[in-house]
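**Q** 3D model of this:
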Amino acid sequence: MTPKPEGPLSRSVNVERLPKDRAEIVVEASPAECEALARDFKIPAIRDLVGRFTLSGSLTRLRAEGRVEAVVTQVCTVTLEPFEAKVSEPVEVEFTNADILEGTDAEDVDLPDPIVNGRVDFGVLTAEFLALGIDPYPRKPGVAFEPVTVGEEPLPFSDLAALRAKLGQDKS
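**A** Numbers count the residues shown, from 1 in each chain. Model (predicted):
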């Protein structure tokens, strides 16, 4: 029984059948998957999404290292204009057989991600690390935020200073 895919990008791999020493996994998202992820992430577009992973270890401690890269179109938070930016996010994740995790309290220890039914979804992993690499407050290159000033800003206690000066003059 294959688990139901989570999200628009799914590449479930049976890691029990991979070579024991080192294995390479490459996830390339289709244009339709990129479009669906862009909708999920609420950004205008994603293209050229690729996750490259090198696996090492065993099912009790499987290590995935690699990189997720893509070109994303975002909206500048200053000018509100769309622009493209490259995302390149490093990946280092450990997995373990889900049976080993039974009875453990996830808050007590930093536990590896589970291998469920001998499978790991590298599409979901690719989407998660893409999300981590996207700037939450994007600015178009060369654009800086400059606050709008209308005239000179009064000092925080200038009204009190003026009142004190006036009261000092009234006493004489």
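
**Q** just the terminal-to-terminal distance for stretch 146-162.
**A** Terminal residues of stretch 146-162 are spaced 30 Å apart (CA to CA, to the nearest Å).

**Q** can you map out the helices along this protein?
**A** 31-41, 98-101, 122-133, 158-171 (DSSP state H).

**Q** mean pLDDT, distance to residue 70 and mean neighbour count added to those helices, as CSV?
**A** Quick note: C-beta positions are derived from backbone N, CA and C, even for glycine. Formatted as CSV, the helices of the chain follow (pLDDT from 0 to 100; distance: least, CB to CB, whole Å; neighbours: other CB atoms under 10 Å):
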stretch, mean pLDDT, distance to residue 70, mean neighbour count
helix 31-41, 94, 8, 16
helix 98-101, 59, 29, 13
helix 122-133, 94, 6, 21
helix 158-171, 74, 51, 9
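
**Q** would you list those in a markdown table and tack on distance to residue 74?
**A** Shown next, in a markdown table, are the helices of the chain (distance: least, CB to CB, whole Å):
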| stretch | distance to residue 74 |
| --- | --- |
| helix 31-41 | 9 |
| helix 98-101 | 36 |
| helix 122-133 | 12 |
| helix 158-171 | 41 |
